[in-house]
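Engineer: structure here, sequence nowhere to be found:
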Ligand SMILES: NC(=O)c1ccc[n+]([C@@H]2O[C@H](COP(=O)([O-])OP(=O)(O)OC[C@H]3O[C@@H](n4cnc5c(N)ncnc54)[C@H](OP(=O)(O)O)[C@@H]3O)[C@@H](O)[C@H]2O)c1
């Protein structure tokens with residue numbers, strides 16, 4: 001029996017088991033199990049792994065994506081760059097961390113960037129990244145890798161990010177890709193949305209919401225009303241699960 005699972009503090013609403021069931025079926029793993037492990041403290045991870053010698057891989061969620069890093073034996077280059085891990089490979093007593101939000105966001109953003117580039121001719125697309133947490137760092141990593149200039153919008157003046165009140169028509173006129181990495185609008189607070197001058201959006205804007213529950217967020221609805229192309233985080237969610245599977249079984253060389 002091969003076991004996989006998820007660590008986090010409160011996992012009642014996790015969709016991970018339903019994401020991995022079809023992957024296990026496709027790979028012919030009839031005896032694989034996926035378990036939700038609620039940990040009070042991330043320091044309990046070594047005891048958890050010792051108690052489950054059949055564990056091959058783990059996913060990591062809130063609030064342990066950064067806190068787990070010092071407990072690991074190694075990191076992928078991407079996980080090291082963003083300082084956060086959401087997938088751990090357990091192999092011959094070594095625990096190796098990777099950040100598959102990066103793989104997930106690459107898959108999600110790619111068609112939008114192709115569209116924006118086609119519309120913009122020689123003008124390279126620019127982006128706004130709303131929020132500065134863990135997912136924002138993965139998004140920033142991918143945008144940097146793809147050569148897309150962007151600004152992060154944050155409630156904090158630290159790091160030189162844009163403040164929300166600075167996002168006006170002029171900023172939206174320049175940034176035609178807008179990525180929501182805040183939890184605003186996520187169930188159960190579905191009547192919340194990032195504060196933006198939505199009336200300045202056009203049919204040349206692309207709005208990506210990393211939120212996938214609900215599948216149609218208020219951010220997306222407001223963008224759609226203004227004519228923008230909108231998409232939720234489901235493609236990213238599925239792509240990051242596939243990337244976790246690859247990390248557990250077929251890690252990149254080097
Ligand atoms: N689709 C996927 O596969 C996928 C993957 C990862 C995450 N997500 C989703 O992305 C969202 C963020 O996840 P995360 O792990 O990055 O969370 P996180 O580390 O808590 O970061 C969220 C950031 O959003 C900003 N924020 C939070 N509350 C806000 C508010 N009331 N008003 C304005 N800004 C606020 C904060 O940035 P500032 O402190 O700078 O203001 C915060 O750092 C969640 O909804 C999560 O479900 C989806």
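Structural biologist: Alright, I've got the coordinates. Since this is a predicted model, take the numbers as computed values, not measurements. Numbering: from 1, shown residues only.

Engineer: what values do phi and psi take at whichever residue of the stretch 51-200 of the chain sits closest to the ligand?
Structural biologist: The ligand sits closest to residue 133 of the stretch 51-200 of the chain, with a gap of 1.8 Å, by CB to the nearest ligand atom. Bear in mind the C-beta positions are built from the backbone N, C-alpha and C, glycine included. Backbone geometry at residue 133, expressed as degrees, to the nearest 10, gives phi -90, psi -150.

Engineer: who's in contact with it?
Structural biologist: The neighbours of residue 133, taking CB atoms under 8 Å, 6 or more residues apart in numbering as the test, are 181-182.

Engineer: confirm for me that residue 207 is in contact with residue 176.
Structural biologist: No - the pair residue 207 and residue 176 does not pass the contact test of CB atoms under 8 Å, sitting 9.8 Å apart.

Engineer: more neighbours: those two, which one.
Structural biologist: A count of neighbours by other CB atoms under 10 Å puts residue 207 above the other of residue 207 and residue 176, at 28 against 24.

Engineer: can I take it that the more buried one is in a helix?
Structural biologist: No - looking at residue 207 with DSSP: H, G, I helix; E, B strand; the rest coil, it is strand, so not inside a helix.

Engineer: tell me how far it lies from residue 110.
Structural biologist: 16 Å (CB to CB, to the nearest Å).

Engineer: same check, this time on residue 138
Structural biologist: When CB to CB is the yardstick, residue 138 and residue 110 sit 15 Å from each other.

Engineer: which one of those two has more residues nearby?
Structural biologist: Set side by side, residue 138 and residue 110 show unequal neighbour counts under other CB under 10 Å, the larger going to residue 138 at 29 against 13.

Engineer: helix/strand/coil for the more buried one?
Structural biologist: When the structure is split into helix, strand and coil by three-state DSSP, residue 138 lands in helix.

Engineer: tell me who's in contact with it.
Structural biologist: By CB under 8 Å, 6+ apart, the neighbours of residue 138 are 82, 84, 99, 101-102, 104-105.

Engineer: what's the neighbour count on residue 1?
Structural biologist: As a burial measure, the neighbour count of residue 1 was computed by other CB under 10 Å and equals 8.

Engineer: my read: it touches residue 30, true?
Structural biologist: No - in this structure, residue 1 is not within contact of residue 30 by CB under 8 Å, at 10.0 Å.

Engineer: okay, now the nearest residue to residue 216 once chain neighbours are set aside: neighbour count?
Structural biologist: With CB to CB, 6 or more residues apart in numbering as the measure, residue 232 is the residue that lies nearest to residue 216, at 7.1 Å, once sequence neighbours are left out. Residue crowding around residue 232 was assessed by other CB under 10 Å; the count is 23.

Engineer: list phi and psi for residue 232.
Structural biologist: Residue 232 adopts backbone torsions of phi -90, psi -170, taken as degrees, to the nearest 10.

Engineer: next up, the contacts around residue 115.
Structural biologist: Listed by CB under 8 Å, 6+ apart, the contact partners of residue 115 are 206, 229.

Engineer: how about residue 19?
Structural biologist: Under the criterion of CB under 8 Å, 6+ apart, the contact partners of residue 19 comprise 237-238, 241.

Engineer: one more: residue 209?
Structural biologist: Remark: with contacts taken as CB under 8 Å, 6+ apart, residue 209 is in contact with 179-180, 185, 217, 219-220, 230-233.

Engineer: quick revisit: on the pLDDT front, check the residue of the stretch 51-200 of the chain closest to the ligand for me.
Structural biologist: Note for residue 133: predicted pLDDT of 90.

Engineer: measure it to residue 2 for me?
Structural biologist: If you measure residue 133 against residue 2 using CB to CB, the figure is 32 Å.

Engineer: same question, residue 86
Structural biologist: Distance of residue 86 to residue 2, computed by CB to CB: 19 Å.
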